[in-house]
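Q: Please work out how this folds:
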Amino acid sequence: MLLAEELLLLALAGPARLLEVVAPERASRGHAKERIRTATDLTPVAPIVKKVIAEAEAVVIAAATSVSLGVAASS
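A: Numbers count the residues shown, from 1 in each chain. Predicted structure coming up:
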């Protein structure tokens, strides 16, 4: 059984795309993915974190697009 802290960390690792950090060796990623999936299912904050990360990514993409359009327009 996983501790609450482990559950939370694993649940956040999935949405944050930290699989390579949690399991740097490819051979262990299948097991890590399963643990992340289980932890996400057992941790009520995981969907909220996933939504916040998605929103942050959208803001970064919008800002990058805006900056690149501004640079293109001034050229």
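
Q: from here on, contacts and neighbour counts on C-alpha atoms
A: Noted.

Q: Could you list every helix and strand that the biggest helix by length in the chain packs against?
A: Across the chain, the helix with the greatest residue count (assigned by DSSP state H) is helix 46-74. Applying 3 or more Cα pairs under 8 Å, 6 or more residues apart in numbering; DSSP states H and E, we find helix 46-74 packed against helix 4-13.

Q: name the helices or strands packed onto the helix it packs on?
A: Applying 3+ Cα pairs under 8 Å, 6+ apart, one finds that helix 4-13 makes contact with helix 29-42, helix 46-74.

Q: hmm, 10 Å instead?
A: Helix 4-13 sits against helix 19-22, helix 29-42, helix 46-74, with contacts defined as 3 or more Cα pairs under 10 Å, 6 or more residues apart in numbering; DSSP states H and E.

Q: Which of those helices has the highest mean neighbour count?
A: Ranked by mean neighbour count, those are led by helix 29-42 with a mean of 17 (mean count of other Cα atoms under 10 Å).

Q: ok, back up a step: tell me the angle the longest helix of the chain makes with helix 4-13.
A: Helix 46-74 and helix 4-13 are oriented at 30 degrees to each other (axes from the mean of the first three to the mean of the last three Cα atoms, to 10 degrees).

Q: rewinding a little: nearest to Glu6 among the helices and strands packed on helix 4-13 would be which one?
A: Nearest to Glu6 among these is helix 29-42; the distance by Cα to Cα comes to 8.1 Å.
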